[in-house]
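> Provided below are the primary sequence and the corresponding predicted coordinates.
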Amino acid sequence: MEKSPKKVWSRREFVSSSALTAASFHIVPARVFGPDAPSNKLNLAGIGIGGMGAGNLKACESENIVALCDVDSEYSAKTIRTYPKAKIYKDYRVMLEKEKGIDGVIVATPDHTHAVITMAAMQAGKHVYCQKPLTHTVFEARAITEAARRYKVQTQMGNQGHSSEHIRLLKEWLADGVIGNVTEVHAWTDRPVGGDPWSNFAVQAKPKGTPPVPGTLDWDLWLGPVTYRPYHPDYHPMKWRAWLDFGTGALGDMGCHIIDPAFWALDLEAPEVIEATSTHWEPDVASQTFPRASIVRFKFPARGNRPPVALTWYDGRLMPPIPEELEPGRALPSSGALIVGDKGKIGHDSAGAGGMRLIPESRMQEYKRPPKTLPRVEGGNHEGDWLRACKEGPNGVPASSHFDYGGPLTETALLGMIAIRLKDQRLEWDAANLRFKNSEKANEMLHIPYRQGWKL
């Protein structure tokens, strides 16, 4: 007799967790409905438009898309055709110099160029939407966060789930005490083994051969501030995520999504201790790429009357222990999180509906949901929330994942990235002074030397 396949938390179940309350509940700043409603269209530019940038632009089509910038004219060709009235550039610096009428910029380039582009846009007085992780290094994350305050622009990091319903439900449920005092969080992703095109390159050092640079690609601009290396298709497009010089691994890629709900709901700040282990064992490979799988342990201090929190990250299909409360025949999702309290557990499925659910299911059915008290983002539209903030201006309500929030979340993920590189070491972090207390080698990894001609 065949066994029935294991069942993961389903989309229907997650949606039902909020079905008993009004799905359209929103709190919008009163000024939106007044005589000075921000109805004028913004002039927007996209930088890095072949991948995620194309989707971000589509979500902003209600505005004027006036300029597009990408170093690869072939990879970005479809997006360029979509906006025939937009002016086209290869160098974002030229675009910012010539297009003085731009109000906001969407940055969706590879991780290693996020910071320099975002900083230049803010210095030019532009609002910025930047894809996650906000930066490539911890130093950059701190610098960008502080600069956003200084230049008084509206910002948003592209971790779309932060504008969702489920993240607000989690915070309200925890405030309601449904699982008591939270002391543990487990978060995991099946990446990079889970089908990503770059996963095969996490087992080799630098690629062999030096094929010619395609005529459609400005390789020097693609490299930006990082040390020069010859072009290879193992880097671009998409495959850059595996390489230390360009990406931030599975933790940088997905941590700003999967860790986000617990980080926000528990009011976590900087971790005090980080340590990691991984599948990397060959030094030449480890000096170039991220591992196929890793486990990272963060220890966060107490906050007021809240106890310390131990957060454990797993990637490459490594998983946390199966909760005893999980019913027979059910399984954890391929990517998600468990929030563990002294009175119960909440599960988060980030691979499916992205919802929250008490386990076991009997607790979910019995739970009387508290009133919705937190402001909602209309339709969960992350880009739309940024557009609203831009139109309200520097004195308006910030977007949900503005850099004052996205920056510290990015710092946490990137600290984990350093721990992965220095695996099997206990790293003690001094957030106030932006340094590790016990490792100069780790301090050297907080930033990289930029190539001549590049600066933050």
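Noted; the coordinates are in hand.

> which residues does the closest residue to Thr216 other than its chain neighbours contact?
Sequence neighbours aside, Glu74 is the residue nearest to Thr216 in space, at 4.0 Å (criterion: Cβ to Cβ, 6 or more residues apart in numbering). Where C-beta positions appear, they are placed from N, C-alpha and C, glycine not excepted. Glu74 sits next to 214, 216-217 when contact means Cβ atoms under 8 Å, 6 or more residues apart in numbering.

> hmm, try it at 10 Å
50, 214-217, 237 (Cβ atoms under 10 Å, 6 or more residues apart in numbering).

> may I ask you to name the longest helix in the protein?
helix 403-421 (DSSP state H).

> which elements pack onto the following helix or strand past that helix?
Next helix or strand after helix 403-421 toward the C-terminus (DSSP states H and E): strand 427-430. Counting contacts by 3 or more Cβ pairs under 10 Å, 6 or more residues apart in numbering; DSSP states H and E, strand 427-430 packs against strand 273-278, strand 294-300, helix 403-421, strand 435-436, helix 440-444.

> what are the buried residues along strand 427-430?
Neighbour-count burial for strand 427-430 flags 427-429 (criterion: 16 or more other Cβ atoms under 10 Å).

> for Asp72, give me the backbone phi and psi.
Dihedral angles of Asp72 (phi, psi; degrees, to the nearest 10) stand at phi -120, psi 100.

> that one against Gly53, yeah?
No - under the criterion of Cβ atoms under 10 Å, Asp72 makes no contact with Gly53, lying 11.6 Å away.

> and those two? Which one has more around it.
Gly53 (24 against 20; other Cβ atoms under 10 Å).

> in three-state terms, label the more buried one for me.
helix (DSSP: H, G, I helix; E, B strand; the rest coil).

> what's the closest non-adjacent residue to it?
Ala108 (3.2 Å).

> gap between the one you found and Gly55?
With distances taken as Cβ to Cβ, to the nearest Å, Ala108 is found 8 Å from Gly55.

> list the residues that contact both of the two?
Any residue near both Ala108 and Gly55 by Cβ under 10 Å, 6+ apart counts here, and that gives 49, 131, 158.

> tell me which of these is nearest to Arg421?
Gln131 (22.5 Å; Cβ to Cβ).

> and that closest one, what pLDDT?
For Gln131, the pLDDT comes out at 98.

> and Glu383, its phi and psi?
According to degrees, to the nearest 10, Glu383 has phi -70, psi -40.

> surely Met157 is in contact with Tyr405?
Yes - between Met157 and Tyr405 a contact is recorded at 7.7 Å, counting by Cβ under 10 Å.

> tell me which of these two has more neighbours.
Applying other Cβ under 10 Å to Met157 and Tyr405 shows that Met157 carries more neighbours, namely 31 against 21.

> so the more buried one, which state does it fall into?
From three-state DSSP, the assignment for Met157 is strand.

> for the closest residue to Ile47 other than its chain neighbours, phi and psi?
Nearest residue to Ile47, sequence neighbours excluded (Cβ to Cβ, 6+ apart): Cys69, at 4.5 Å. Per-residue torsions, Cys69: phi -140, psi 130 (degrees, to the nearest 10).

> mind listing what Cys69 touches?
So Cys69 contacts 45-49, 53, 76, 86-96, 99, 105-107, 109, 117, 221 (Cβ under 10 Å, 6+ apart).

> do you know the pLDDT at it?
98.

> same deal with His26?
Per the predicted model, pLDDT is 39 at His26.

> make 54 the starting number, not 1.
Renumbered: residue one is now 54, and that last one reads His79.

> point out where the stretch 304-453 of the chain drops to low pLDDT.
404-407 (pLDDT under 70).

> hang on, the earlier thing: between the helices and strands packed on strand 480-483, which one is nearest to Thr135?
Taking the helices and strands packed on strand 480-483 one by one with Cβ to Cβ, helix 456-474 is closest: 27.2 Å.

> report how many residues lie close to Pro381.
Neighbours of Pro381 using other Cβ under 10 Å come to 5.

> and it, how far is that from Arg416?
Counting by Cβ to Cβ - Pro381 and Arg416 are separated by 16 Å.

> dihedrals phi and psi, the closest residue in space to Trp241 that isn't next to it in sequence?
Distance criterion Cβ to Cβ, 6+ apart; nearest residue to Trp241, sequence neighbours excluded, is Tyr367 at 3.9 Å. Dihedral angles phi and psi of Tyr367 (degrees, to the nearest 10) take the values phi -130, psi 140.

> residues in contact with Tyr367?
With Cβ under 10 Å, 6+ apart, Tyr367 has these contacts: 239-243, 303-304, 346-349, 373, 388.

> nearest to Arg195 among those?
Using Cβ to Cβ, those come closest to Arg195 at Leu304, 18.1 Å.

> picking that back up, who's the residue nearest to Ile100 bridged to?
Per DSSP bridges, residues listed as beta-bridge partners of Cys122: Ile100, Tyr142.

> would you quantify the distance from it to Leu97?
12 Å.

> what touches both of these two?
With Cβ under 10 Å, 6+ apart as the test, Cys122 and Leu97 both reach 139, 158-159.
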